[in-house]
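Q: here's a sequence, model it:
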Amino acid sequence: MKVALLSMYSFDEVRGGTELFTEHLRKAFSDVRVITYSSAVDGGRFDLSRLSLEEARKGAAISRRFRQLSRREDFDLVIANSTSGWCLGMTGTDVPMMNVFHFTLRGLADQVLRGTSGYLPSKYVSSVFEKLASVGKKNVAVSSKVARELWSLYRIRSRVIELGVDMERFKPLPKERSRELIGLDTGKPVGLFVGRADDTKGFDILKEVQRKRPDVQFLCVTSSDLADEGLIVHRNVANERMPLYYSSADFLLFPSRYESVGYTGLEAMACDLPVVVSRTGVFEDLEESGIGRIVPTWKASDYASAVDDVLSRPFHPRRAIRERYSMERFIRDYRAAAEEAVGSGG
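A: Numbers count the residues shown, from 1 in each chain. Sure, this is the predicted structure:
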């Protein structure tokens, strides 16, 4: 099966969750052509960011590039990430199509962007193209949370195919050796935070917990330009090295206010690291028994109490997610969905 995989950026350009998903999806199909904005022909190159139409413009450029390639290459299936192929369903194509929704812009706006400059554009402009991206395609949601948002906000029906984690790469390593390899020298329990240093990711909650728990050393892995005397900050860590960081910690603190899934949580649990997390993403649908604590509030005191609980007894989250989020299951489910889409003609 020859697959055209449409995505805004490659993993070399942007090391985000969608881009990591694209790398994982390559493993499901033997013949994949990845088409990104950087590989598209976009002669105009005018910037529409001020009108909140930049992502839509890039998606249109990616779609044009796909049409050019399809004139000389026979594709069996198109898989598009989010709005990267939003206009293909309206203009028509003979190739069956799937659209993978990694989150919803309207859900993000309602849950974390109120009161910011991004609220109105995300809810009323960018979300239009999100709706259009579903037209003429089989729609897939990366989590039950995303499927619920697609239905409640847009009345889009979707099939849930949960993400996968490479359990051979992300596995528990000896703690002391891991700390030595990343240069971490402390006699305190270590709490790990992974993500941007902003309120959406709950960085403000981390800072409050840090003040309440001076007996814990917090290690922050981030892409943000951050300097803080109370934190150990490691910037722009390659995904391949993250098992060392998960294995060096005693718990993951992940108080994000909005996640569709949260690769960070899945990777940490694959490394058998207990979690102290907010109830968002996959943690809306996972039982906390065996994995750590799922905190239903945004109060730092509740997270600090959850840290006490996680440090006081053993947890083995790898056992809880081994089958559900394995890469083998992920590949099997996407191959089955692809065969179904091709068999039904889209």
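Q: can we go C-alpha only for contacts and neighbour counts from here?
A: Will do.
Q: does Gly191 touch Val221 like I think?
A: No - Gly191 is beyond contact range of Val221, at 11.0 Å (criterion: CA atoms under 8 Å).
Q: higher neighbour count, those two?
A: Taking other CA atoms under 10 Å, Gly191 and Val221 do not tie; Gly191 has more neighbours (23 against 20).
Q: local confidence estimate at that one?
A: On the pLDDT scale, Gly191 is placed at 97.
Q: wait, a strand at it?
A: Yes - counting by DSSP: H, G, I helix; E, B strand; the rest coil, Gly191 is found in a strand.
Q: what are the bridge partners for it, then?
A: Note on Gly191: beta-bridge partners Phe218, Phe251, judged by DSSP bridges.
Q: what sits against it?
A: Val216, Gln217, Phe218, Leu219, Ala249, Asp250, Phe251, Leu252, Leu253 (CA atoms under 8 Å, 6 or more residues apart in numbering).
Q: how close does the last one sit to Val342?
A: The reference is to Leu253. 42 Å (CA to CA, to the nearest Å).
Q: which of those two has more residues huddled nearby?
A: Leu253 (29 against 17).
Q: identify the residue nearest that one in space, chain neighbours excluded?
A: Val276 (4.9 Å; CA to CA, 6 or more residues apart in numbering).
Q: just the buried ones among the contacts of Gly191, please.
A: Neighbour counting by 16 or more other CA atoms under 10 Å classes Val216, Gln217, Phe218, Leu219, Ala249, Asp250, Phe251, Leu252, Leu253 among the contacts of Gly191 as buried.
Q: reformat those residues as CSV; add distance to Ala306 and pLDDT.
A: Formatted as CSV, the buried ones among the contacts of Gly191 follow (distance: CA to CA, whole Å; pLDDT from 0 to 100):
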residue, distance to Ala306, pLDDT
Val216, 13, 95
Gln217, 16, 95
Phe218, 15, 96
Leu219, 18, 96
Ala249, 16, 97
Asp250, 13, 97
Phe251, 10, 98
Leu252, 11, 98
Leu253, 10, 98
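Q: domain assignment for the chain?
A: 2-164+326-343, 175-321 (automatic domain parsing).
Q: between the two ends of the longest one, how far is it?
A: Spelled out, it's domain 2-164+326-343. 14 Å.
Q: ok, stretch 249-259 next?
A: Note: stretch 249-259 ends 22 Å apart using CA to CA.
Q: and what of stretch 111-127?
A: Terminal residues of stretch 111-127 lie 14 Å apart, using CA to CA.
Q: would you mark the buried spots in it?
A: Going by neighbour count (16+ other CA under 10 Å), the buried part of stretch 111-127 is Val112, Leu113, Tyr119, Leu120, Pro121, Ser122, Lys123, Val125, Ser126, Ser127.
Q: contact partners for the fifth one?
A: In other words, Pro121. Counted by CA under 8 Å, 6+ apart, Pro121 has contacts Ser52.
Q: after the helix or strand harbouring it, next one along is what?
A: Assigned by DSSP states H and E, Pro121 belongs to helix 119-121. The helix or strand immediately downstream of helix 119-121 is helix 127-132, counting by DSSP H and E.
Q: out of the contacts of Gly191, which one sits closest to Arg179?
A: Ala249 (8.3 Å; CA to CA).
Q: ok, now which ones touch the nearest residue to the closest one once chain neighbours are set aside?
A: Excluding the flanking residues, the one nearest Ala249 by CA to CA, 6+ apart is Val190, at 4.9 Å. When contacts are counted by CA under 8 Å, 6+ apart, Val190 touches Val216, Gln217, Phe218, Leu219, Ser248, Ala249, Asp250, Phe251.
Q: quick one on the thing from earlier: where does the residue nearest to Leu253 land in three-state SS?
A: Applying three-state DSSP: Val276 is strand.
Q: and it, what are its bridge partners?
A: Leu253, Arg293.
Q: against Leu273, how distant is the residue nearest to Ala249?
A: For Val190 relative to Leu273 (CA to CA), the value is 11 Å.
Q: between those two, which contacts overlap?
A: By CA under 8 Å, 6+ apart, Val190 and Leu273 have these common neighbours: Ala249, Asp250, Phe251.
Q: and those residues, which is closest to Glu176?
A: Using CA to CA, these come closest to Glu176 at Ala249, 9.8 Å.
Q: and the strands in this structure?
A: For the chain, applying DSSP state E gives strands covering 2-6, 31-35, 77-81, 97-101, 138-141, 159-160, 190-194, 217-222, 231-235, 251-254, 275-278, 292-295.
Q: mind putting these into a markdown table with distance to Ser49?
A: Listed next are the strands of the chain as a markdown table, based on distance: least, CA to CA, whole Å:
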| stretch | distance to Ser49 |
| --- | --- |
| strand 2-6 | 21 |
| strand 31-35 | 22 |
| strand 77-81 | 20 |
| strand 97-101 | 22 |
| strand 138-141 | 27 |
| strand 159-160 | 31 |
| strand 190-194 | 28 |
| strand 217-222 | 25 |
| strand 231-235 | 27 |
| strand 251-254 | 30 |
| strand 275-278 | 32 |
| strand 292-295 | 36 |
